[in-house]
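[1] Got a predicted structure here, sequence first:
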Amino acid sequence: MANEQEKTVIASANAQLRQFLVSSLSDRGYLIAGECADGAEAIRQTRRLQPDLLVIDEDLQGLRGFDVASIFVEEEIAPVLFLTRTFSPAVYHKSAKTTYFHALLKPVDSDTLGAAAAFLLNINKRIRKLEKEISQLREKESVNHKIWQAKRFLMEKLSWSETEAHRYLQKESMKSGLPIGDIANNLLKEEANGKIK
């Protein structure tokens, strides 16, 4: 079952297929935030509603379904389940290139649709979580590097030991209420601007 917060937008020019998609996903706990038959309307709804999942049929009024799906995939707005009659080279390439795009052959049954939707959402949640963790690690590494640079400056400038330099940064952090990384960064900026003689 999907989390009720997982909003979905469904786009297909085929009213019968659209009704099937709405019914199948609703039964699995997805919140159907929008549905439409037109490619331009799919773009408008998606930008306005910011859904967690898009189900886009290749058959849309106006813009081609594949072109609409490609916009959302390139901008990484939401994962796209793309319904198609054939795996064309373009569809295959898009599926192989990104986790934001997964193609299903029509006709599709309810169980396959549900499993594909769950898989696509879960894999993207895991990837986004990993990306966030990597970003946090890089930020921590950057802060630690600045702290080391500040300590090295103090050690060279004042002939302090590393322990003394570290204690100084800690005291300044406690005095100002700022993180030690900010203290180190400010010290390095002052040194770079020639404010420390």
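    Received it, and whenever you're ready, just let me know what you need.

[2] CA only for contacts and neighbour counts going forward, please
    Fine.

[3] Show me what the helix or strand of the chain with the lowest mean pLDDT is packed against.
    When the helices and strands of the chain are scored by mean pLDDT, DSSP states H and E, helix 89-97 comes last with a mean of 82. Here helix 89-97 touches strand 101-105, going by 3 or more Cα pairs under 8 Å, 6 or more residues apart in numbering; DSSP states H and E.

[4] re the thing from before, measure how the least confident helix or strand of the chain sits relative to strand 101-105, angle-wise.
    Taking axes from the mean of the first three to the mean of the last three Cα atoms, to 10 degrees, one finds helix 89-97 and strand 101-105 inclined to each other by 130 degrees.

[5] Distance from the strand or helix carrying residue 33 to the middle of the chain?
    Element membership for residue 33 (DSSP states H and E) is strand 31-36. For strand 31-36, the separation from the chain centroid amounts to 21 Å (computed by Cα atoms, centre = their mean, to the nearest Å).

[6] cool, stretch 38-48 as well?
    20 Å.

[7] Pull out the buried positions in it.
    Buried residues in stretch 38-48, defined by neighbour count with 16 or more other Cα atoms under 10 Å: 38, 39, 40, 41, 42, 43, 45, 46.

[8] One more: stretch 79-90?
    Applying 16+ other Cα under 10 Å to stretch 79-90 flags 79, 80, 81, 82, 83, 84 as buried.

[9] counting residues per helix, which one in the chain is longest?
    helix 110-158 (DSSP state H).

[10] Just read off the phi/psi values of the residue in the chain sticking out farthest from the centre.
    The C-alpha centroid of the chain is most remote from residue 159, which lies 46.8 Å away (Cα atoms, centre = their mean). The phi/psi pair for residue 159 (degrees, to the nearest 10) reads phi 60, psi 40.

[11] how about JSON lines for the buried residues of stretch 38-48, with pLDDT, distance to residue 101 and secondary structure added?
    Below are these laid out as JSON lines (pLDDT from 0 to 100; distance: Cα to Cα, whole Å; DSSP: H, G, I helix; E, B strand; the rest coil):
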{"residue": "38", "pLDDT": "93", "distance to residue 101": "20", "secondary structure": "strand"}
{"residue": "39", "pLDDT": "93", "distance to residue 101": "17", "secondary structure": "helix"}
{"residue": "40", "pLDDT": "93", "distance to residue 101": "19", "secondary structure": "helix"}
{"residue": "41", "pLDDT": "94", "distance to residue 101": "20", "secondary structure": "helix"}
{"residue": "42", "pLDDT": "94", "distance to residue 101": "16", "secondary structure": "helix"}
{"residue": "43", "pLDDT": "94", "distance to residue 101": "16", "secondary structure": "helix"}
{"residue": "45", "pLDDT": "94", "distance to residue 101": "19", "secondary structure": "helix"}
{"residue": "46", "pLDDT": "93", "distance to residue 101": "15", "secondary structure": "helix"}
